[in-house]
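**Student:** need a 3D model of the sequence below.
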Amino acid sequence: MEAIFKRRSIRKYTDDKLSDGQIKDIIRAGMAAPSCKASCEWVFIVLRDQDDFEKIMENHGYAQALKTASAAVLVCADLEKELEPGEGWWIQDCSAAVENMLIEATDMGIGSLWLGIHPRENRIRFMKELCALPENIEPLALVALGMPQREKAPVDRYLDEQVFDGRYGVKWEKS
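**Tutor:** Just a heads-up that it's a prediction; the model follows:
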């Protein structure tokens, strides 16, 4: 649980570069996520080019962390691999993969930031064009990665008032 509580959104990174092995381990963690009927429809695009980062920052108002990021991974779904086409389970599958990646990065001492792409049509179109994605590959999120400039304190966001016992409004009073 320590890595879960230590996971924080990191927006500034050092000049240290991540190795291919580190990035592969983070992606492996993403691929360990659950997926609908084990469809594993995810696709990962590793980005390292600073020119690409500049273009992304111009298009995505919250992507300024890419100024100092060592790498980024675009997490997408291959809609042709969906076992229940049109149901949208790929969103949950890819989101679970992203969360695993964030936690693994934290466990490795690497900073990360989840940048949303889906459902913003302008961001989707832009990333499809930038990464030459075919029609069946749908981008969900971009994960910025790098060695953090500073550590942030762990956070426990547990809120008793948001947990109910069997029915909404019935306080759960378990210890």
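
**Student:** who does the lowest-mean-pLDDT helix or strand in the chain touch, helix- and strand-wise?
**Tutor:** Least confident element among the helices and strands of the chain, by mean pLDDT, DSSP states H and E: helix 2-6 (a mean of 94). Contact partners of helix 2-6 among helices and strands, from 3 or more C-beta pairs under 8 Å, 6 or more residues apart in numbering; DSSP states H and E: helix 89-107. The way it works is simple: take the backbone N, C-alpha and C, and place the C-beta from them, glycine included.

**Student:** hang on, the earlier thing: distance from the chain centre to the helix or strand that the least confident helix or strand of the chain is followed by, please.
**Tutor:** For helix 2-6, the succeeding helix or strand toward the C-terminus, using DSSP states H and E, is helix 20-31. Centroid displacement of helix 20-31 relative to its chain, using C-alpha atoms, centre = their mean, to the nearest Å, is 12 Å.

**Student:** and the contacts of stretch 52-62?
**Tutor:** By C-beta atoms under 8 Å, 6 or more residues apart in numbering, the surrounding residues in contact with stretch 52-62 are 47, 63-64, 66-67, 69, 72, 115-117, 122-123, 126-127, 130, 142.

**Student:** how far away is the closest residue to residue 68 other than its chain neighbours from residue 115?
**Tutor:** Spatial nearest neighbour of residue 68, excluding adjacent residues (C-beta to C-beta, 6 or more residues apart in numbering): residue 13 at 4.2 Å. Distance from residue 13 to residue 115, counting by C-beta to C-beta, to the nearest Å: 14 Å.

**Student:** go on, residue 62?
**Tutor:** 6 Å.
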